[in-house]
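Chemist: task: produce atomic coordinates for the following.
(one chain, ligands or ions: 1)
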Amino acid sequence: MNTRTDIPVTVIGLGLMGQALAHAFLKAGHPTTVWNRTTAKADQLVAEGARLAPTVSAALEAGSLTIICVTDYPAVHELLGVGDIALEGRMLINLTSGSSAQAREAALWAEQRGARYLDGAIMAIPSAIGTAEAVILHSGPESDFEAHKSTLDALGTVTYLGADHGLASLYDVAGLAMMWSVLNAWLQGTALLRTAGVDAATYAQFAQQIATGVSEWLPGYAEQIDRGSFPAEVSALETDARAMAHLIEESEAVGVNAELPKLIKAMADRSIAAGHGGEQYPVLIEEFGKPGND
Ligand code: NAP
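Modeler: Numbers count the residues shown, from 1 in each chain. Predicted coordinates for the structure are as follows:
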């Protein structure tokens, strides 16, 4: 794709992330206009060649597209909800973190005011912005994403998820669930092994192999979930539940926290009580897919 670096862009919100986004656009050669509530945060960017807009309206008018990256959605509405700010014909890309419901509501609100709107989620830290490591998710009308993809490419690995504006936020939290689950499982094992004098670095190498191996099961398990059929090809849930009991017993015996394995075993026990003991592990999707007991 032909990448035009003369396309003017605007970044509203110059916290740690907004500054990184504006910096990446400048580095890629885009004429970049910035605005922030606290003006001093633009100083470094202005020194690098950014133009500081005097008002939000002036900032919106300057760019072919405007990235918004502030603390939360109420801040977005506070910024853009003021009556005299014209959004008609503007292309807004909101990279502020929030829920899928907030994203859908913001999309409706922006569209009612005549703006085009993509929602997004940044799965990266500020120092990664501008490199391929920075994964930035987008959802909303595909034609809007395609029209601006080559400009957005300056920010990292940009990905389009679908027309539903809530998808970027949902993928964002799904990614967090994956990240914390892997880390928590590793910490549980590390705590257990440290009681026998095994240090974290030694176990980390072993744990990495397990995590990679387990990740390879996902496509096959996903097929079972999508089919809604869970034949026990490898092991039955009741066999897994007995192994969970060992993990709990071992943790308690060596004085390690057993809250997390107990939580997972309680879900497995409910599934077994509902008649799924002879099926395979991903049948637990039925427990994950409904409200819990908290
Ligand atoms: P930050 O450093 O705390 O900056 C927050 C920004 O929001 C500042 O520009 C602040 O303006 C602005 N702001 C807050 N309330 C406002 C209001 N009512 N009106 C106008 N401006 C307002 O946060 P950040 O790290 O840049 O994060 C920004 C967004 O990126 C968040 O949604 C965050 O979850 C997301 N994100 C961040 C990271 C990260 O590693 N930092 C990673 C992924 C996603 P002032 O400067 O005037 O206070």
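Chemist: the strand or helix carrying Q102 and the ligand, any residue contact?
Modeler: Following DSSP states H and E, one finds Q102 within helix 100-112. No: applying C-beta under 6 Å from any ligand atom, one finds helix 100-112 separated from the ligand by no less than 10.8 Å. All C-beta spots, glycine's among them, are computed from the backbone N, C-alpha and C.
Chemist: rounded mean pLDDT for that helix, please.
Modeler: Averaged over helix 100-112, pLDDT sits at 96.
Chemist: other residues contacting the helix or strand I122 falls within?
Modeler: Using DSSP H and E, I122 sits in strand 116-123. Contact with strand 116-123 is made by 17, 69, 90-95, 97, 103, 106-107, 110-111, 129, 134-141, 144-145, 148, 165-166, 168-169, 171-172, 175, as judged by C-beta atoms under 8 Å, 6 or more residues apart in numbering.
Chemist: can we see that at 6 Å?
Modeler: For strand 116-123, the external contacting residues (C-beta atoms under 6 Å, 6 or more residues apart in numbering) are 91-95, 103, 107, 110, 135-140, 144, 165, 168-169, 172, 175.
Chemist: same check on stretch 33-50?
Modeler: 10-12, 14, 22, 26, 32, 51-53, 56, 59, 62-63.
Chemist: start and end of that stretch, how far apart?
Modeler: 6 Å (C-alpha to C-alpha, to the nearest Å).
Chemist: can you give me the strands for the stretch 1-150 of the chain?
Modeler: Assigned by DSSP state E, counting those that start in this stretch, the strands in the stretch 1-150 of the chain fall at 9-12, 32-35, 51-52, 65-68, 91-94, 116-123, 135-139.
Chemist: next, count neighbours for the closest residue to the ligand within the stretch 151-294 of the chain.
Modeler: Nearest to the ligand, among the residues of the stretch 151-294 of the chain, is D172, at 8.2 Å (C-beta to the nearest ligand atom). Under the neighbour criterion other C-beta atoms under 10 Å, D172 is assigned a count of 20.
Chemist: point out where this structure drops to low pLDDT.
Modeler: 1-3, 294 (pLDDT under 70).
Chemist: report the central residue of it.
Modeler: The centre of the chain sits closest to D172, judged by C-alpha atoms, centre = their mean, with a distance of 2.0 Å.
Chemist: chain center to the helix holding Q102, what's the gap?
Modeler: Relative to its chain's centre, helix 100-112 lies at 18 Å (C-alpha atoms, centre = their mean, to the nearest Å).
Chemist: for stretch 42-50, same thing?
Modeler: 29 Å.
Chemist: got a winner among the contacts of stretch 33-50 for most neighbours?
Modeler: Highest neighbour count within these: V11, with 33 neighbours (other C-beta under 10 Å).
Chemist: what residues does that one make contact with?
Modeler: When contacts are counted by C-beta under 6 Å, 6+ apart, V11 touches 18, 21-22, 34, 67.
Chemist: near the ligand too, which of the residues you listed?
Modeler: With C-beta under 6 Å from any ligand atom as the criterion, the contacts of V11 include G18 near the ligand.
Chemist: and the helices in this protein?
Modeler: For the chain, the helices defined by DSSP state H cover 16-28, 43-47, 56-62, 73-80, 100-112, 142-152, 167-194, 200-215, 218-227, 237-253, 259-271, 285-288.
Chemist: for stretch 222-238, measure first residue to last.
Modeler: End-to-end for stretch 222-238, by C-alpha to C-alpha: 20 Å.
Chemist: now do it: everything it contacts.
Modeler: Contacts of stretch 222-238 (C-beta under 6 Å, 6+ apart): 272, 276-280, 282-283, 285.
Chemist: one more time with 10 Å, if that's ok
Modeler: 217, 220-221, 239-240, 242-244, 268-269, 271-272, 276-286, 289 (C-beta atoms under 10 Å, 6 or more residues apart in numbering).
Chemist: show the buried residues in the residues you listed.
Modeler: Burial by neighbour count, 16 or more other C-beta atoms under 10 Å: within those this picks out 221, 240, 244, 268-269, 271-272, 276-277, 279-286.
Chemist: could I get the phi/psi values of the residue of the chain found nearest the ligand?
Modeler: At 1.8 Å from the ligand, G15 is the closest residue in the chain, using C-beta to the nearest ligand atom. Phi and psi for G15, reported as degrees, to the nearest 10, are phi -70, psi -160.
Chemist: right, I'll call it a day here.
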